[in-house]
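Undergrad: Sequence and predicted structure below; questions after.
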Amino acid sequence: MERLEGGYGQSQVLFGVSFAVHGGEVVTLLGRNGVGKTTTVRSIMGLLPVRAGTIVFEGRPIHGLPSFRVAQAGLGLVPEGRQIFPNLTVRENLVATAANRSGAAAPWTVERVFGLFPALAARQAMLGANLSGGEQQMLAIGRALMTNPRLLVLDEATEGLAPLVRAQIWACLRELKARGLSILVIDKNVEALTRLADRHYIIEKGRIVWRGTSPELAADATLRRRFLGV
């Protein structure tokens, strides 16, 4: 992504945002509420028009593509608020968008998702609306994985979840990283993110104001207070 600009109506939110996620990396986009994180994600996924700049995935420009084409290109989104299908069962949610367009040798299946999240296996016949918030987040991740993405994008990965469920989500992401999946994460748990991610970008008022590694972020308490403190 290079020099991305975007917003809503007459309001511009992003001002020349640039960052990259390389193959097999976990990268975070950090910042306080309202600074442009979700707007960036929506722009990447084709849910918001790009006013200027470029978004390139695996050598192919994807800015300007409709969201279903972005998904077909290999990006999987776990959106803020989960947005599962409430009137479908857990199993139906997983198979609804399942695809293996890239021809993965070992594609994600319902059984593999249940192996990653055993709690979903026990509730596979339950409607999405009747799941707990943590179970819905697991289902949202599983649904994205069923598209066999090459880049997984998580917007507010653990927001509002109980500590035990948060730990399960972080364990899941560590396993996905170990399998070589590229991941872009938005979350507020800096301590957990510095243990998981390779690199970080901090956004403030629609601009990238810092970029660096996990050791660099963990070592700079002043930086964290300035841009990430409540």
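TA: Looks like it arrived, so ask away.

Undergrad: drop to CA atoms for contacts and neighbour counts, all remaining ones
TA: OK.

Undergrad: max-length helix in the protein?
TA: In the chain, taking DSSP state H as the definition, the longest helix is helix 163-178.

Undergrad: Pull out the buried residues from it.
TA: Neighbour-count burial for helix 163-178, with 16 or more other Cα atoms under 10 Å as criterion, is recorded at V165, R166, Q168, I169, W170, C172, L173, R174, L176, K177.

Undergrad: Need the mean per-residue confidence for it.
TA: Helix 163-178 shows a mean pLDDT of 96.

Undergrad: Please apply the same query to stretch 59-67.
TA: Averaged across stretch 59-67, pLDDT comes to 94.

Undergrad: Not counting that stretch itself, show me its contacts.
TA: With contacts defined as Cα atoms under 8 Å, 6 or more residues apart in numbering, stretch 59-67 is touched by S43, I44, M45, G46, L47, P49, V50, T54, I55, V56, V70.

Undergrad: about what we covered before: which elements pack onto the longest helix of the chain?
TA: If contacts are counted by 3 or more Cα pairs under 8 Å, 6 or more residues apart in numbering; DSSP states H and E, helix 163-178 sits against helix 133-145, helix 190-196.

Undergrad: For the last one, which helices and strands make contact with it?
TA: In this structure, helix 190-196 makes packing contacts with helix 163-178, helix 214-219, judged by 3+ Cα pairs under 8 Å, 6+ apart.

Undergrad: which SS class is the residue most central in space within the chain?
TA: Taking Cα atoms, centre = their mean as the criterion, L154 is the residue nearest the geometric centre of the chain, at 1.6 Å. When classified by DSSP: H, G, I helix; E, B strand; the rest coil, L154 comes out as strand.

Undergrad: I figured it hits R82, correct?
TA: No - judged on Cα atoms under 8 Å, L154 makes no contact with R82 at a distance of 9.6 Å.

Undergrad: which residues in the protein form helices?
TA: Using DSSP H, the helices found in the chain span residues 37-44, 67-73, 90-96, 110-116, 118-121, 133-145, 163-178, 190-196, 214-219, 221-228.

Undergrad: Most tightly packed of those?
TA: Comparing the helices of the chain by mean neighbour count (mean count of other Cα atoms under 10 Å), helix 133-145 comes out on top with a mean of 25.

Undergrad: if I pick W170, what's in contact with it?
TA: Listed by Cα under 8 Å, 6+ apart, the contact partners of W170 are A192, L196.

Undergrad: how does it look with 7 Å?
TA: By Cα atoms under 7 Å, 6 or more residues apart in numbering, the contact set of W170 is empty.

Undergrad: gap between it and R51?
TA: Counting by Cα to Cα, to the nearest Å, the gap from W170 to R51 is 34 Å.

Undergrad: remind me which residues of this structure are low pLDDT?
TA: In the predicted model of the chain, residues 230 satisfy pLDDT under 70.

Undergrad: Okay, the closest residue to T158 other than its chain neighbours and G160: tell me how far apart.
TA: Among residues not flanking T158 along the chain, R166 sits closest, at 5.6 Å (Cα to Cα, 6 or more residues apart in numbering). Remark: distance between R166 and G160 (Cα to Cα) = 9 Å.

Undergrad: again, but for C172
TA: Separation of C172 from G160 (Cα to Cα): 17 Å.

Undergrad: related to what we said a few turns ago, looking at the helices of the chain, which is closest to L4?
TA: Closest to L4 of the helices of the chain is helix 37-44 (Cα to Cα; 8.3 Å).

Undergrad: name the helices or strands packed onto that closest one?
TA: Identification of packing neighbours for helix 37-44 by 3 or more Cα pairs under 7 Å, 6 or more residues apart in numbering; DSSP states H and E yields no helix or strand.
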